[in-house]
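Trainee: Sequence first, then the predicted structure:
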Protein chains: 2
Amino acid sequence: MRPKNLEKEEAIRTIALQIIAEEGLENLSMQKLAKAANVSPRTIYIKYENKEDLLITLFIEDVLGGYEKAVLENFNPEVDFNQGVKKIWLNAFHYLKENRNSFALLQYGKSSPLLNKAFQKANIKQGHFFAPIHDFLQLNVAKNIIRDFPHDVHRAMLFSPLLDLVNEYFDYKERPEQIITEQIILECCEAVTKGMLK
Amino acid sequence: MRPKNLEKEEAIRTIALQIIAEEGLENLSMQKLAKAANVSPRTIYIKYENKEDLLITLFIEDVLGGYEKAVLENFNPEVDFNQGVKKIWLNAFHYLKENRNSFALLQYGKSSPLLNKAFQKANIKQGHFFAPIHDFLQLNVAKNIIRDFPHDVHRAMLFSPLLDLVNEYFDYKERPEQIITEQIILECCEAVTKGMLK
DNA sequence: ATCTTGTAAGTAAACGTTTATTTACTTATG
DNA sequence: CATAAGTAAATAAACGTTTACTTACAAGAT
């Protein structure tokens, strides 16, 4: 039996993310993707059921999976609050900075109904993404260190500014000077953390 | 000369936003829009140059314009910091809650390269959106009340959590109980404000 | 007051192109 | 040499946009 060519599989995923980042999700077509990845359209259908399956798999496994892994690297839910949030912020910032194409699809997760629904399903199915962060926050609520909010509210408060700052980072990448430096990220992290303390 | 039928113009805009909110930007087609708005495809092209023009106009004029107007209603850049941020948060929350379809396209502004570019152009052209907020923040930096960050950083820190909370509001609308209440919004606003103080 | 009439608004149907997906065939390897 | 991986070419449907035509009305002439 002829074995799968993993390079082609990789090419499909990489090029798909690239097209989405450069031209938008609304401009990704299977034929365009096949041509750009140097592959026959049929080959994509060997690896994915259809376009929807491709997008959802890419979003859940590659993008969200990769992001989660990077964010949780060397993260210990038992460290103190300031230190824990700082670790997450730096992990996320460093990863996303170097993975612009993944970040682009990640952003579509909030807009596209398709990806939004897929995320909610995956989130329910596999417990949830970012479980250690959930534990970390629960722990700090129990210790009476931070305000007691529902988890989704905690997430919005602590991490949405970071994603917005990464967005700005890429916007400023094409301008004379970068304003989103590691220094700024650290100061912003401090401000966000301070706001959550009791 | 036959006069323009303003109801048709209105229908095109309203239905376009509806389709984007329900099926995503990637599923809006001119023919689908025409049929849903009870209008001939040609009629859309009387009012807009092409699909790109329709989307950009809808985004800049209707969505961003309407959002800006609502957010700045009765906002005075000279009030004290806590009060000013609270006013903006409540204005935005109340407006977006009642304008889900506008909010959906607003969210695409961060993902779609087309809308992102359009926004940057419009932002440069007409001075900038939300100028009174810009002034408000400058004033509070000058008075040494808040940290001195670039404006885009201020914006990310103060308002991106709010947009994320509105997103959660709509997610929870289809679930047994709503967690994003006005009470929560006010507490979150307080936390965000506190973090920015010097 | 009523009747043309010029003109932009509006329509139905069609344009060529691109879309997602499939069919019929070839290739590579355990 | 069986079999799944892969290809080139084709499918029907949907796409953005245009063509050829009709409609409704403000304004000038009667």
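Mentor: That came through, no problem.
Trainee: tell me the average confidence for the host helix or strand of A:Ile20?
Mentor: Secondary structure from DSSP states H and E places A:Ile20 in helix A:6-23. Averaging pLDDT along helix A:6-23 gives 97.
Trainee: wait, does it make contact with DNA strand D?
Mentor: Yes: Helix A:6-23 is in contact with DNA strand D by Cβ under 7 Å from any atom of the strand, via A:Lys8. For glycine as for every other residue, the C-beta is placed from the backbone atoms N, C-alpha and C.
Trainee: Can you spell out which helices and strands pack onto that helix?
Mentor: Using 3 or more Cβ pairs under 8 Å, 6 or more residues apart in numbering or on different chains; DSSP states H and E as the contact test, the elements touching helix A:6-23 are helix A:30-36, helix A:41-47, helix A:100-111, helix B:113-125.
Trainee: and if we set it to 7 Å?
Mentor: Helices and strands touching helix A:6-23, by 3 or more Cβ pairs under 7 Å, 6 or more residues apart in numbering or on different chains; DSSP states H and E, are helix A:30-36, helix A:41-47, helix A:100-111.
Trainee: so of these, which one's packed in deepest?
Mentor: Highest mean neighbour count of the helices and strands packed on helix A:6-23: helix A:100-111, a mean of 22 (counted as mean count of other Cβ atoms under 10 Å in any protein chain shown).
Trainee: can that helix be found next to DNA strand C?
Mentor: No: remark: helix A:100-111 sits outside contact range of DNA strand C, by Cβ under 7 Å from any atom of the strand, the gap being at least 14.8 Å.
Trainee: CA atoms only for that helix - export them in CSV, please.
Mentor: Listed next in CSV are the C-alpha coordinates belonging to helix A:100-111 (Å, rounded to 0.1, in the frame of the first residue of the first chain):
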residue,chain,number,x,y,z
ARG,A,100,1.1,35.2,12.5
ASN,A,101,-0.8,32.8,10.3
SER,A,102,-2.1,30.8,13.2
PHE,A,103,-3.1,34.1,14.9
ALA,A,104,-5.1,35.2,11.9
LEU,A,105,-7.3,32.1,12.1
LEU,A,106,-7.5,32.4,15.8
GLN,A,107,-9.0,35.8,15.4
TYR,A,108,-11.6,34.4,13.0
GLY,A,109,-12.7,32.2,15.8
LYS,A,110,-14.6,35.1,17.4
SER,A,111,-16.2,36.2,14.1
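Trainee: Which residue comes closest to A:Ala156 once chain neighbours are left out?
Mentor: B:Asp164 (3.8 Å; Cβ to Cβ, 6 or more residues apart in numbering or on different chains).
Trainee: Sorry, wrong one. I was asking about A:Leu106.
Mentor: A:Leu106 sits nearest to A:Val63 (Cβ to Cβ, 6+ apart), 5.3 Å away.
Trainee: quick one: that neighbour from chain B, how far?
Mentor: Per Cβ to the nearest Cβ, to the nearest Å, A:Val63 is found 13 Å from chain B.
Trainee: Just the local confidence number for that residue, please.
Mentor: We note a pLDDT of 97 for A:Val63 in this prediction.
Trainee: what's the answer for A:Met1, then?
Mentor: At A:Met1, the pLDDT value in this model is 76.
Trainee: burial count for it?
Mentor: For A:Met1, the count of nearby residues is 3 (other Cβ atoms under 10 Å in any protein chain shown).
Trainee: still on that earlier bit, wait, is the residue nearest to A:Leu106 part of a helix?
Mentor: Yes: according to DSSP: H, G, I helix; E, B strand; the rest coil, the state of A:Val63 is that of a helix.
Trainee: My guess is it contacts A:Gln107. True?
Mentor: No: applying Cβ atoms under 7 Å as the test, A:Val63 and A:Gln107 come out as separate, 9.9 Å apart.
Trainee: which bits of chain A sit near chain B?
Mentor: Proximity of chain A to chain B, by Cβ under 7 Å from any Cβ of the partner chain, involves residues A:22-26, A:107-108, A:110-114, A:147, A:150, A:152-153, A:156-157, A:160-161, A:164-165, A:167-168, A:179, A:184, A:188, A:191-192, A:194-196.
Trainee: And the helix or strand of chain A with the lowest mean pLDDT, what's buried?
Mentor: Lowest on mean pLDDT, DSSP states H and E among the helices and strands of chain A sits helix A:113-125, with a mean of 92. Within helix A:113-125, the residues that qualify as buried by neighbour count (16 or more other Cβ atoms under 10 Å in any protein chain shown) are A:Pro113, A:Leu114, A:Leu115, A:Asn116, A:Ala118, A:Phe119, A:Ala122.
Trainee: now swap in stretch A:62-70 and tell me
Mentor: For stretch A:62-70, by 16+ other Cβ under 10 Å, it's A:Asp62, A:Val63, A:Leu64, A:Tyr67, A:Glu68, A:Ala70.
Trainee: C-terminal to the least confident helix or strand of chain A, what's the next element?
Mentor: helix A:131-142.
Trainee: Counting by contacts, list what that next one packs against.
Mentor: Applying 3+ Cβ pairs under 7 Å, 6+ apart, one finds that helix A:131-142 makes contact with helix A:81-97, helix A:151-173.
Trainee: can you redo these as CSV with mean neighbour count?
Mentor: Shown next, in CSV, are the helices and strands packed on helix A:131-142 (neighbours: other Cβ atoms under 10 Å in any protein chain shown):
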stretch, mean neighbour count
helix A:81-97, 19
helix A:151-173, 20
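Trainee: Turn these into CSV, columns for mean pLDDT and distance to B:Gln31.
Mentor: As requested, the helices and strands packed on helix A:131-142 are exported to CSV (pLDDT from 0 to 100; distance: least, Cβ to Cβ, whole Å):
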stretch, mean pLDDT, distance to B:Gln31
helix A:81-97, 98, 38
helix A:151-173, 97, 33
